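Q: any chance you can model this:
(one chain, ligands or ions: 1)
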Amino acid sequence: MFDKFREECGVFGVFGHHEAANLAYLGLYALQHRGQESAGIAAADGGRVRLSRQMGYVADAFNEATLSTLSGRAAIGHVRYSTAGESRLQNAQPLLIECAHGQIALCHNGNLVNAGELRSQLVRDGSIFQTTSDTEVVLHLYARSRATSAEDAIVESIAQVTGAFSLVMLTPDRLVAARDPHGFRPLAIGRLGEAVIITSETCALDLIGATYVRDVEPGEVVVVSAAGLRSVKPFPPATPAYCIFEHVYFARPDSYVFGRSVNEVRTDLGRLLAREAGVEADVVVPIPDSGVCAAVGYAEETGLPMRFGLIRNHYVGRTFIQPQQSIRHFGVKVKLNPVRSILEGQRVVLLDDSIVRGTTSRKIVRMVKAAGAREVHMRISCPPTISPCFYGVDTPRRSELIAATHTLDEIQRYLGADSLAYLSLEGLLAGVDPDRRSYCTSCYTGQYPVEFPRDAHAYMQLALKLESTNVRSSSVPEAEVTS
Ligand code: SF4
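A: This is a model prediction of the structure:
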């Protein structure tokens, strides 16, 4: 909503249901938080794959007439948020092509770190790209594959990409799901009667009345056809690197991600934060909606009351038109309003999940103080974010991350808070997974589990994000490298 990392995509697939496209539509509704710039559905009736994509929210992208054209018992869908470059319909997913292997539609959540390199090679070999999306590379590799079956061609093409990918693909007669060997982004399998469902998050299963079966495992390719569900693991195993930020912020709290309830994890993070960084106060106030679960945990642990001292306007969309400069002082008040009766005269613990640039947090602290709070103690339920993400999440460049360039004291002074504390990395890991499986924590550590190219021409986004390295950033052709 505010100054946050942004998830870039959500994917959904269904096989074996007479209302496949309608289920995909509902599934995308549940995944809308993962991308709001475009939405698309492809459906297959055993003979043809048909596609409908639009810019905007799911609710605006489809109507009964468009959904009725998407006949068949299998469908895939996608919601997208783009990063660099313009947001345009050609980049909306699913992408659909027809080649020697037949038709295939593809949806991707993640980011292919070697897409630039592969794209250059493919262009040199004669490929003509239709989009500026990294995802299209997979389709070109697929089309060029000499494998004798569509399935083998899919495996052969994804074996050549590195980085983060949770994919759903649709041919006229089968649904294929694949997750990269590190398992960066989530991907779950569900059942609705005989139908198989694939989804980025389990909240989509709840909406359509499906039951969760299991996650698509890292490095697994799942093929669903009239013959049933088949699983192959064609890639060499890799150390898991589940995106810890899914639990911190991206996923909906009513989802299960990487095997754990997001709500439970976030509440635990609040409890751990209270143990690590308790403070004398009167009331715990979450920054809605991102700070709510952690605030519940913090309040439970400390015995302090939790009150909704900030009210969010849920009807301010991405299309909000900034008024004239002269009355722009609305600032963050368009989205949040303080509740004076809760805040006045109180020592407030203000809870949020993360601080990215710090600009919005500063406005909120001021707003809470202006509403009469005696003290404002900012508590953040994750460690300082010091490094950008290259695995499918939109983050600012490193120099814009306040914690990358400022000390804790400096950030506290900038925010105007009476105290500031973040949850430690140790605390975050303990809260997210007591079994201590392996998570990607690169945005807190700057240690990246999958190497990315150092060639700015191959990876413009990288050059934008890590200007402190010796990556060249000039004369870079415009290219978008997100899903
Ligand atoms: S760098 Fe951060 S946001 Fe990106 S995958 Fe890793 S944990 Fe997630």
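Q: what does the stretch 201-350 of the chain put close to the ligand?
A: In this structure, the stretch 201-350 of the chain approaches the ligand at residues 243-245, judged by Cβ under 6 Å from any ligand atom. (Glycine included, C-beta is placed from N, CA and C.)
Q: most neighbours among those residues, which one?
A: Within these, most neighbours by other Cβ atoms under 10 Å means C243, with 28 neighbours.
Q: and that one, what does it touch?
A: For C243, the contacting residues are 164, 184-186, 250, 391-393, 439-440, by Cβ atoms under 8 Å, 6 or more residues apart in numbering.
Q: now the residues of the stretch 201-350 of the chain next to the ligand in JSON lines, with pLDDT?
A: Output for these, formatted as JSON lines (pLDDT from 0 to 100):
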{"residue": "C243", "pLDDT": "96"}
{"residue": "I244", "pLDDT": "96"}
{"residue": "F245", "pLDDT": "95"}
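Q: let's see which of those residues end up in strands.
A: Members of those lying in strands (criterion: DSSP state E): C243.
Q: can I get the residues of the stretch 201-350 of the chain next to the ligand in TSV including distance to A100?
A: Formatted as TSV, those follow (distance: Cβ to Cβ, whole Å):
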residue	distance to A100
C243	35
I244	41
F245	39
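Q: for M378, helix, strand, or coil?
A: Of the three states, M378 takes strand under DSSP: H, G, I helix; E, B strand; the rest coil.
Q: that one contacts Y422, correct?
A: No. Counting by Cβ atoms under 8 Å, M378 does not reach Y422; the two are 9.2 Å apart.
Q: comparing these two, which residue is more hemmed in?
A: Neighbours were counted for M378 and for Y422 using other Cβ under 10 Å; M378 has more, 27 against 24.
Q: ok, what's across the strand from that one?
A: Counting by DSSP bridges, M378 is bridged to L350, L420.
Q: tally up the residues packed near R214, please.
A: 10.
Q: brain fart, L89
A: Using other Cβ under 10 Å, the number of residues around L89 comes to 11.
Q: what residues does the stretch 351-483 of the chain have near the ligand?
A: Applying Cβ under 6 Å from any ligand atom, we find that the stretch 351-483 of the chain lies next to the ligand at 389, 391, 393, 440-443.
Q: from those residues, which two are the most distant?
A: Maximum pairwise distance in these, criterion Cβ to Cβ, is 13.0 Å, between V393 and T441.
Q: of the contacts of C243, which is the most crowded?
A: Within the contacts of C243, most neighbours by other Cβ under 10 Å means R185, with 32 neighbours.
Q: surely it and N109 touch.
A: Yes. Assessed by Cβ under 8 Å, R185 is found in contact with N109 at 4.9 Å.
Q: now do the shared contacts for those two.
A: Residues touching both R185 and N109 (Cβ under 8 Å, 6+ apart): 164-166, 200, 392.
Q: can you tell me which of these are in strands?
A: Short answer: the shared contacts of R185 and N109 in strands (DSSP E) are 164-166.
Q: need the three-state assignment for the residue of the stretch 51-200 of the chain found nearest the ligand.
A: Ranking the residues of the stretch 51-200 of the chain by distance to the ligand (Cβ to the nearest ligand atom) places F184 first, at 5.2 Å. For F184, the assignment made with three-state DSSP gives coil.
Q: for C293, same thing?
A: For C293, the assignment made with three-state DSSP gives helix.
Q: burial count for it?
A: Under the neighbour criterion other Cβ under 10 Å, C293 is assigned a count of 24.
Q: quick check: closest non-adjacent residue to it.
A: Computed as Cβ to Cβ, 6 or more residues apart in numbering, the closest residue to C293 that is not its neighbour in sequence is R266, at 3.3 Å.
Q: so what's the one you found up against?
A: R266 sits in contact with 247-248, 253, 293-294, 297, 353, 381, where contact means Cβ under 8 Å, 6+ apart.
Q: and the strand or helix carrying D152, what does it pack against?
A: Assigned by DSSP states H and E, D152 falls within helix 150-158. In terms of contacts (3 or more Cβ pairs under 8 Å, 6 or more residues apart in numbering; DSSP states H and E), helix 150-158 is packed against strand 102-112, helix 136-144, strand 163-171, strand 174-179, strand 221-225.
Q: that one versus helix 136-144: what angle between them?
A: On the basis of axes from the mean of the first three to the mean of the last three Cα atoms, to 10 degrees, helix 150-158 is oriented at 130 degrees to helix 136-144.
Q: what lies in contact with helix 150-158?
A: 101-102, 104, 138-139, 141-142, 145, 147, 165, 167, 169, 171, 174, 176, 178, 221, 223, 232, 234.
Q: and the buried ones among those, selectable in PyMOL?
A: Applying 16 or more other Cβ atoms under 10 Å to the contacts of helix 150-158 leaves a buried subset, and the PyMOL line that selects it is:
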select buried, resi 101+104+138+139+141+142+145+165+167+169+171+174+176+178+221+223
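Q: and the helices and strands packed on helix 150-158: which comes nearest R73?
A: The minimum distance between R73 and these falls on strand 174-179, with 9.9 Å, by Cβ to Cβ.
Q: which helix or strand lies directly C-terminal to that closest one?
A: strand 188-192.
Q: ok so, going back, of the contacts of R266, just say which sits nearest to the ligand.
A: Within the contacts of R266, proximity to the ligand (Cβ to the nearest ligand atom) peaks at V248, which comes in at 8.2 Å.
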